[in-house]
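*Asks:* Next input, structure requested:
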Amino acid sequence: MTPFLPPASTILASLGQAAFIWDVATDEIVWSDRVASVFPDIPMAALASGAGFSNLIEPLRSVRTEALFQSPPAHGEEGALYRIEYGVRANTSVPVQWIEETGCWFAGADGKPAHVQGIVRVNNERRARDEQLVKLSRNDPLTGELNRTRLIASLAETIEEAQRFRTSCAFMLIGIDHLARINDAFGFDVADAVISEVATRIRARLRGGDLLGRFSGNKFGLILKNCTVDDMNVAAERFLAGIRDEVVPTKSGPVSVTASIGAVSVPRYARSAEEAINRAHETLDMSKRRRAGSFSLWRPNVERDAQRRVNIRVTDEIVTALNERRIAMAFEPVVEAASRRASFYECLVRMEQHDGQVLLAPDIVPVAEKLGLIRLVDHRVLELVVAELAASPNVQLSLNISPDTTMDPDWWASIESLMRAHPGVAERLIVEITETVAIQDIDEVRGFVTRLKNFGSRIAIDDFGAGYTSFRNLRKLGVDIVKIDGAFVQNIARSADDRAFVQTLIDLARRLDIKTVAEWVQDEESASMLRDWGCDYIQGRLIGLASSERPWGAAAEVALPAAS
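*Replies:* Numbers count the residues shown, from 1 in each chain. Next up, the predicted model:
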């Protein structure tokens, strides 16, 4: 039995489509049957002519007419194809219905469109998806506010506008305090709820025309137009109070939240979006260091700017010195407390300048750490130390490495290569890490220590006593040497508190079979006390400060390259 085939108009209507023929000369439109199912809220009279249909179209009524004249001219009987999208509705009280129209027009004797035939179909779902994609490209999915890209673009536009019209604006960064603690205590879903609620509270306190965006995980950026310095102070307090005065309800219970703010006046103190962001970041960090929940406003600072110029200069000098092999070592003796016989030498970095002056480690290391150059310095120091050890078989040396280097895979690759290339060197190498590094992540540092000890090297904890490492952690790490912070050692002849502290450290280390080094030993009285208490080694002004001269005589002419 042959199945029943419904009329084409019925099939089109079931698919949300309708066909039409439009006589351009008379402006009459003839539709397929059941067109009312495609346009249920539109009277048929409005669909009967091109002009009447155009009155229903949004956002541009002339979109259908323009499509005919902008499409390529027709050739032969095939006609010219076109495709357009638009919205229709009978009045503003009903939602827009999005339509995709695909058609073909045919020219008359004058070559202009004479009649058109095509199909329209409802396209609401696709339009909604497109609008959602556009929204996601502009807005943060969690809060619905501007995303970082749009926020920065809007800031650039605002600064340009303010410069053109000579007005004053502000850019603020609001950072939620201690969001990581909320993550750890309650989970990321609760932290997201906090972020969303903070955005809502900020939004409720904005003026018309001001812009809010999510700058990063826990930070929001605000663009306050026509905003003076006094306005900034008032606005900042309004935002801070709105965030802190009420707890945030979450599924895990109420959470108390505070935020800190850093702000800069634009274009007075920031003439580009990048400059505004950097200065707002700087003041936000200042707020958080001073007190959580506070507000700081960027102002010019002669000392800060001078220090930055110094940082830039030193950075350039460090990079140049690395390239020109002007990073050198100085050697400070560490001697046995009882016999005063040299046990090993601590290697301290020096940088030779073009004018002949030498920069010491305190001048180099802090800047290198702050500006991300310390890894390069540590790599070079490692090469130099291994070269010295390879050239002098009877010498033991120690080197200091920065916190970042302990987890640097490139540093590990270098030391493994150097150790394989120069057998017998590892056993005479001592690697010093600060107590701060040791307490950051015991498990990670223990892995670092274990790998070095597998080479045969020893590990020393530098500046011990300045932090909070327990002797239990020292035993867990398996360190070989503890270097007692010189701040406690230098005054033991005059301070009973320092004497008690240092003596206790030495006694505990001895019980754990850990060697001790007392730093900054200034006089014979202190040296005698340390010897009597059982301290193993001493170093400092009494013994001899760091010198570029090699006390053992032999010199490494060049840094030995890593084995390939």
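*Asks:* in the stretch 1-150 of the chain, which spans are strands?
*Replies:* Secondary structure of the stretch 1-150 of the chain (DSSP state E, counting those that start in this stretch): strands at 17-23, 28-31, 57-58, 80-88, 97-107, 113-122.
*Asks:* I misspoke; the intended subject was the stretch 401-550 of the chain.
*Replies:* When secondary structure is read from DSSP E, counting those that start in this stretch, the stretch 401-550 of the chain shows strands at 429-434, 458-464, 481-484, 515-518, 537-538.
*Asks:* Now for P300, how many residues are close by?
*Replies:* Neighbours of P300 under the rule other Cβ atoms under 10 Å: 7. C-beta here means a position set from N, CA and C on the backbone, and glycine is covered the same way.
*Asks:* residues in contact with the closest residue to it other than its chain neighbours?
*Replies:* In space, and not counting its chain neighbours, P300 is closest to Y269: 7.2 Å by Cβ to Cβ, 6 or more residues apart in numbering. Contacts of Y269 were listed using Cβ atoms under 8 Å, 6 or more residues apart in numbering, and they are 279, 298-300.
*Asks:* what does E416 give?
*Replies:* Taking Cβ under 8 Å, 6+ apart as the contact definition, E416 lies against F455.
*Asks:* Select the longest helix from the protein.
*Replies:* Assignment by DSSP state H gives helix 302-323 as the longest helix of the chain.
*Asks:* CA atoms of that helix as CSV?
*Replies:* Extracted C-alpha coordinates of helix 302-323, given in CSV (Å, rounded to 0.1, in the frame of the first residue of the first chain):
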residue,chain,number,x,y,z
VAL,A,302,59.7,59.3,44.6
GLU,A,303,61.4,56.6,46.6
ARG,A,304,59.4,53.8,45.0
ASP,A,305,60.1,55.1,41.5
ALA,A,306,63.8,55.5,42.3
GLN,A,307,63.9,51.9,43.6
ARG,A,308,62.3,50.7,40.4
ARG,A,309,64.8,52.5,38.3
VAL,A,310,67.5,50.8,40.4
ASN,A,311,65.7,47.4,39.8
ILE,A,312,65.7,48.0,36.1
ARG,A,313,69.4,49.0,36.1
VAL,A,314,70.4,46.0,38.2
THR,A,315,68.2,43.7,36.1
ASP,A,316,70.0,44.8,33.0
GLU,A,317,73.4,44.5,34.7
ILE,A,318,72.6,40.9,35.9
VAL,A,319,71.5,39.8,32.4
THR,A,320,74.6,41.4,30.8
ALA,A,321,76.9,39.9,33.5
LEU,A,322,75.4,36.5,32.9
ASN,A,323,76.0,36.8,29.1
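*Asks:* buried ones in that helix?
*Replies:* 314-315, 317-318, 321-322 (16 or more other Cβ atoms under 10 Å).
*Asks:* Do a quick rundown of the strands in the stretch 251-400 of the chain.
*Replies:* Under DSSP E, counting those that start in this stretch, the stretch 251-400 of the chain gives strands at 259-266, 295-297, 327-336, 342-352, 358-359, 397-400.
*Asks:* Now the second one: buried residues?
*Replies:* For strand 295-297, burial by neighbour count (16+ other Cβ under 10 Å) applies to 295-297.
*Asks:* tell me which strands and helices it is in contact with?
*Replies:* Packing partners of strand 295-297 (3 or more Cβ pairs under 8 Å, 6 or more residues apart in numbering; DSSP states H and E): helix 229-244, strand 259-266, helix 273-290.
*Asks:* Save these as CSV, and put in distance to R375, mean neighbour count and mean pLDDT too.
*Replies:* Compiled in CSV, those are given as follows (distance: least, Cβ to Cβ, whole Å; neighbours: other Cβ atoms under 10 Å; pLDDT from 0 to 100):
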stretch, distance to R375, mean neighbour count, mean pLDDT
helix 229-244, 38, 16, 93
strand 259-266, 29, 27, 95
helix 273-290, 23, 19, 93
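*Asks:* beta partners for I538?
*Replies:* Assessed by DSSP bridges, I538 has beta-bridge partners V335, A518.
*Asks:* isn't it right up against V334?
*Replies:* Yes - between I538 and V334 there is a contact at 7.5 Å, judged by Cβ atoms under 8 Å.
*Asks:* Now for these two: what residues contact both?
*Replies:* When contacts are counted by Cβ under 8 Å, 6+ apart, I538 and V334 are jointly contacted by V517.
*Asks:* Let me see the contact set for D498.
*Replies:* Shown in contact with D498 (Cβ under 8 Å, 6+ apart): 488-489, 491-492.
*Asks:* OK, contacts around G52?
*Replies:* When contacts are counted by Cβ under 8 Å, 6+ apart, G52 touches 45-46.
*Asks:* From R64, how far off is it?
*Replies:* For G52, the distance to R64 equals 12 Å [Cβ to Cβ, to the nearest Å].
*Asks:* Endpoint to endpoint, stretch 447-463 covers what distance?
*Replies:* This stretch, stretch 447-463, spans 21 Å end to end (Cα to Cα, to the nearest Å).
*Asks:* mind listing what's buried in stretch 521-537?
*Replies:* For stretch 521-537, using 16+ other Cβ under 10 Å, the buried residues are 521-522, 526-527, 529-531, 533, 535-537.
*Asks:* Return, as residue ranges, the portions of the stretch 401-550 of the chain with sub-threshold pLDDT.
*Replies:* In the predicted model, the stretch 401-550 of the chain carries pLDDT under 70 at residues 435-441, 466-472.
*Asks:* which of the buried residues of strand 295-297 lies closest to V385?
*Replies:* Proximity to V385 was ranked across these by Cβ to Cβ; first place goes to S296, at 43.2 Å.
*Asks:* ok, I442 touching G478?
*Replies:* No - the criterion here is Cβ under 8 Å, and I442 misses it with G478 at 11.3 Å.
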